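Colleague: need a 3D model of the following:
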Amino acid sequence: MKKHLLFSAIGAIVIFGWLFLSNAMPNFHKAASVYTPAQNEILQKLQDLGIEEGMYFLGQPDPSLSSAEQEASMKSMEGKPWAVVNFHKTNSMSMAMPMIRGILVAFVIAFLLFWIFLQQKDPSLKNRLMISLAIGMIGFFFVPYSSFIWYKEPDIFAYFADAIFPWLILGFIGHKMAPAKA
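Modeller: Numbers count the residues shown, from 1 in each chain. I've put the predicted structure just below:
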């Protein structure tokens, strides 16, 4: 159990460190948060409209319309601009709770990965690397890529890197720490 907890702590540092690099410096995800000089006007207009906090897909038909009206509306929107807006009424720069939650989630992820390593019948380095990579790719395909198919997030390649590099590092470290036979 000591190795399991130690790997979880090391894994949490690897994951948290990677996510810092990926999202802060050098910020591989910067394409998803580009600055616009029109931000103040856009934010003021959203506030003036009185919309509730939430995520909005702009460029879709009104759901209260009949099926035929929705289809006609969708045809009229073809080739026109669309947007996804994630609107919040207040900005908070508090980093403490998100960082605490992030490191705790990273710890749980590493804990679960090590548990999977302990279940292996063939705990070779190759198999542990492949399991780690498979988990990273499953996560990538399930959320970021599936969302990209519809919403075209501009940082999809950063998510792809997130699905590969930290997972291979964890697979290598896990192989060194997990016993050869569970």
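
Colleague: for the closest residue to P81 other than its chain neighbours, give me the pLDDT.
Modeller: Nearest non-adjacent residue to P81, counting by CB to CB, 6 or more residues apart in numbering: G59, 6.9 Å away. C-betas here are computed from N, CA, C, even on glycine. Note on G59: pLDDT of 92.

Colleague: repeat for the one 4 residues further on
Modeller: At P63 the predicted local distance difference test score is 93.

Colleague: three-state assignment of it?
Modeller: With DSSP: H, G, I helix; E, B strand; the rest coil as the basis, P63 sits in coil.

Colleague: which parts of this structure are strands?
Modeller: Assigned by DSSP state E, the chain shows strands spanning 54-58, 83-87.

Colleague: what's the closest of those strands to K152?
Modeller: With respect to K152, and counting by CB to CB, the nearest of the strands of the chain is strand 83-87 at 9.2 Å.

Colleague: which residues are contacting the closest one?
Modeller: 46, 51-59, 151 (CB atoms under 8 Å, 6 or more residues apart in numbering).

Colleague: neighbour count and distance to L21 added to those residues, as TSV?
Modeller: Formatted as TSV, the contacts of strand 83-87 follow (neighbours: other CB atoms under 10 Å; distance: CB to CB, whole Å):
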residue	neighbour count	distance to L21
L46	15	32
I51	13	34
E52	7	35
E53	9	30
G54	9	30
M55	9	26
Y56	14	31
F57	11	30
L58	10	32
G59	13	34
Y151	11	24
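
Colleague: go through the strands of the chain and name the closest to S76.
Modeller: strand 54-58 (14.3 Å).
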